[in-house]
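Colleague: Sequence plus predicted model, see below.
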Amino acid sequence: MKTFTSRRARAAVVALAAGSLALTACSENTGSSGSGKDSKKDQKEAAAQSKAVVYADAAASTGPAEEVPGAKPGGTINVYQEAGLSHLDPGQIYVSDAGQVANLLFRGLTNFEEDGKGNVSVVGDLATDSGKSSDDGKTWTFTLKDGVKDENGKEITSADVRHTIERTYSEFIFDGPNYVQTWLSGADYKKKLPDGGFGDKHLPDDVLETPDDKTVVFHFDKPRPDLPQTLAMPGYTLVPEETDTKEKYDKAPVSTGPYKIAEYKVGKSLKLVKNDQWDPNSDSVRHQYVDGFDMQFGVTESTQTKRLISDQGDAKNSIQLTGSVEATQIQDVVGDAAVNKRTIQGFQPYVQVLNFNLDRVKNKVVRDAITYAVNSKSLIAGEGGAYGGDVAPNLFAPTLPGYEADYDPYGRLKTPQGNIAEAEKLLKDVPAEEKKLVFAYANSEAGQKRKVAIEDALTKVGFDVVAKEIDAASYYEQIGKLDNPYDVYISGWGQDWPSAATVVTPVYDGSLVSDGAPNYSHIKDPKVQELINKAVTQEPTEAAKTWQEAHRYILEEVNPAAPLWYTKQFQLYGSNIGGARYSTESSYIDVTRLFLKS
């Protein structure tokens, strides 16, 4: 990645809306075994290393990406992953594993660029820069770079960008982000363009305008200063209009990035090879060092870890995609200096919670009792202890502006193993039928460990837990259905960019409750809506206070989800992998700069 030399100096630091002022910074791995042991130190560093996001100009958005020291061309990187990918259609991508793959396959108007030292900027990707705002931030204009083509050799035009946005209004798109759609057309945006632009009807020019082949103009009814960051999400990367196969596109998408799909066996494997239509001179972020990536699904984290520790044969050329060092083998890694040198570590933005389906678990007393009863200590042990996470006292991560380390309304920090006495006290007069809970869990190694910890904690205080297994690849799709048959289920959420707006709004905004939306608890509360509507119109300093007020009200007065733990990343890679570092944007290994040493 770039070191932001003279180009960086010409980029402007932007004051972002709704308190979105910082990204957590983590330095490149140095092989130290100390990181992750001191939770308080980790959290302080997560906040202290936060730096302002930069919106970059055309010079900083011009390729090629700065060379990675020592990089060599050639070879294939093996990728280990336990669960298959839920989606490869960009409009459906909202989960981190597919997001990792998306950065190799797809390009959007903008992208995040980082230097490994915590400096993060938004650069133009398909666009010449990070965008130009006017009309007090209500209008954003993007100009496309010349000569950018898809894998079929077709040049990208503004019509393709318009199509990419409009198709997210379609009924078959249900799992991706909806920020841009709701900003353009309101919460009921799907009613505004039900055919997703595939017919003769399109969004009007006063909403989305394409005056020529190179220009795209977004018109909003209020300032949207976060738009460049929003468009950098994988869910808004390009889908060329001519080759869009609607529902079928999920299995065979068209590449605009440095790699394209050679073979995809859903749930089993994915082979990527070089896209010869990708021009490095148009891309300031990505590299194309290796000939391809061979992704193997169904490889458990314990098997991944064993192979990478042994570092034999093909394992030398292998990485973990979104998996982590398996908990029981952490000491085998940190206790061997040579192995530990092949790790990346960082604090992630995710908060793991136990969601309550409010359509089924309607008694707040029951929800409070569960929140007191759950055993964060046991859950974190299954994640790798201090290397895998910290106890979460609330719903905001330490990486988020406005995080309050001491805000702990349920005493999670004092009783991380669960407050059994308080839970039993609350349940004293609760009828037996309300103590029967259907708990959904993913059929992965991590999911099995979480199932045991949740069952044990809730059974201790008198709940009758019925555990239901869900395929890990479709886990979020299943719990995202409004009419799901589950009472409680674990989910993890991290900010889409550094703003409390990207936590409170998507997860707790009642107007956005729908199939596939991340409001997994189905919370619809007038007070929450009032505070959200207030915060999004305020300056960052004022908004931060309103988001904190909303956070406290949600957790104390509604309690739609019990906070469990904050996640950390601890990944291992083979000895022949070069360029490995932690990505503060993806929260995993940075896949855009990898190469094989020999």
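Modeller: Done, it's in. Residues are numbered from 1 along each chain as shown.

Colleague: Buried residues, the lengthiest helix in the chain. List them.
Modeller: Among the segments of the chain that qualify as a helix by DSSP state H, the longest is helix 445-460. By 16 or more other CB atoms under 10 Å, the buried positions in helix 445-460 come out as Glu445, Ala446, Gly447, Lys449, Arg450, Lys451, Ala453, Ile454, Glu455, Ala457, Leu458. Using the backbone N, CA and C atoms, a C-beta is placed for each residue, glycine as well.

Colleague: what's the helix or strand for the closest residue to the fourth one other than its chain neighbours?
Modeller: Excluding its sequence neighbours, the residue lying closest to Lys449 (CB to CB, 6 or more residues apart in numbering) is Gly382, at 3.5 Å. Gly382 belongs to helix 376-383 when assigned by DSSP states H and E.

Colleague: And for Gln478?
Modeller: Going by DSSP H and E, Gln478 is in helix 475-479.

Colleague: pull the CA atoms of that helix into CSV?
Modeller: The C-alpha trace of helix 475-479 is given here as CSV (Å, rounded to 0.1, in the frame of the first residue of the first chain):
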residue,chain,number,x,y,z
TYR,A,475,-26.3,-18.1,9.0
TYR,A,476,-26.9,-14.3,8.7
GLU,A,477,-29.4,-14.9,5.9
GLN,A,478,-31.4,-17.2,8.1
ILE,A,479,-31.4,-15.0,11.3
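
Colleague: Contacts made by it with the rest, please.
Modeller: 83, 86, 94-95, 175, 355, 440, 442, 447, 470-471, 484, 486, 489, 491, 516, 520 (CB atoms under 8 Å, 6 or more residues apart in numbering).

Colleague: Can I have the buried ones of these as a ChimeraX selection?
Modeller: Buried subset of the contacts of helix 475-479, written as a ChimeraX selection, criterion 16+ other CB under 10 Å:
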select :83,86,94,95,175,355,440,442,447,470,484,486,489,491,516,520
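
Colleague: who's in contact with the nearest residue to Gln296 once chain neighbours are set aside?
Modeller: Excluding its sequence neighbours, the residue lying closest to Gln296 (CB to CB, 6+ apart) is Ser269, at 5.7 Å. Contact partners of Ser269, counting by CB under 8 Å, 6+ apart, are Glu263, Asp294, Met295, Gln296, Phe297.

Colleague: what about the third one, how many residues close to it?
Modeller: With neighbours defined by other CB atoms under 10 Å, the count for Met295 comes to 24.

Colleague: Quick check: bridge partners of it?
Modeller: Val79, Leu270 (DSSP bridges).

Colleague: quick one: it from Tyr80, how far?
Modeller: Separation of Met295 from Tyr80 (CB to CB, to the nearest Å) stands at 8 Å.

Colleague: Quick check: neighbours shared by those two?
Modeller: Leu321.

Colleague: Show me where the stretch 451-598 of the chain has its strands.
Modeller: 464-470, 488-493, 561-572, 577-578, 595-596 (DSSP state E, counting those that start in this stretch).

Colleague: a markdown table for those, including mean pLDDT and distance to Ala337?
Modeller: Formatted as a markdown table, the strands of the stretch 451-598 of the chain follow (pLDDT from 0 to 100; distance: least, CB to CB, whole Å):
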| stretch | mean pLDDT | distance to Ala337 |
| --- | --- | --- |
| strand 464-470 | 97 | 40 |
| strand 488-493 | 96 | 32 |
| strand 561-572 | 95 | 14 |
| strand 577-578 | 98 | 18 |
| strand 595-596 | 98 | 23 |
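
Colleague: Quick check: Val461 vs Ala373, distance?
Modeller: Distance from Val461 to Ala373, by CB to CB: 5 Å.

Colleague: Starting from the very next helix or strand once past the helix holding Gly382, tell me which strands it pairs with and how they run.
Modeller: The element immediately downstream of helix 376-383 (helix or strand, assigned by DSSP H and E) is strand 389-391. In the sheet, strand 389-391 lines up against strand 561-572 (antiparallel) (DSSP bridges).

Colleague: Please identify the helix or strand for Ile344.
Modeller: strand 343-356.

Colleague: elements contacting that strand?
Modeller: helix 39-48, helix 364-373, strand 488-493, strand 561-572 (3 or more CB pairs under 8 Å, 6 or more residues apart in numbering; DSSP states H and E).

Colleague: circling back to that earlier point, find residues that contact each of Val461 and Ala373.
Modeller: Ile420, Ala423.

Colleague: all strands of the stretch 201-350 of the chain, in order?
Modeller: Going by DSSP E, counting those that start in this stretch, the stretch 201-350 of the chain shows strands at 208-212, 215-219, 259-265, 269-274, 292-297, 318-320, 343-356.

Colleague: For this protein, give me the ranges with low pLDDT.
Modeller: Applying pLDDT under 70 to the chain flags residues 1-52.

Colleague: Confirm Val438 sits in a helix?
Modeller: No: read with DSSP: H, G, I helix; E, B strand; the rest coil, Val438 is strand and lies in no helix.

Colleague: so how far is Val504 from it?
Modeller: Distance check for Val438 against Val504: by CB to CB, it reads 27 Å.

Colleague: For these two, indicate the residue with more neighbours.
Modeller: Neighbours were counted for Val438 and for Val504 using other CB under 10 Å; Val504 has more, 26 against 18.

Colleague: Spatially nearest residue to that one (excluding sequence neighbours)?
Modeller: Nearest non-adjacent residue to Val504 (CB to CB, 6+ apart): Ala550, at 5.3 Å.

Colleague: which ones are touching that neighbour?
Modeller: Ala550 sits in contact with Val504, Tyr508, Val528, Leu531, Ile532, Ala535, where contact means CB under 8 Å, 6+ apart.

Colleague: Okay, it and Gln81: tell me how far apart.
Modeller: 36 Å.

Colleague: before we move on, could you check phi and psi at Val54?
Modeller: phi -110, psi 140 (degrees, to the nearest 10).

Colleague: what's the answer for Leu104, then?
Modeller: According to degrees, to the nearest 10, the main-chain angles of Leu104 amount to phi -90, psi -30.

Colleague: measure it to Asn443 for me?
Modeller: Distance of Leu104 to Asn443, given as CB to CB: 27 Å.

Colleague: Look at the two and report which has more neighbours.
Modeller: Taking neighbours as other CB under 10 Å, Leu104 and Asn443 compare with Leu104 leading, 21 against 14.

Colleague: sorry, back to before: on contacts alone, who are the packing partners of the longest helix of the chain?
Modeller: Partner elements for helix 445-460 (3+ CB pairs under 8 Å, 6+ apart): helix 301-310, helix 364-373, helix 376-383, strand 436-442, strand 464-470, strand 488-493.
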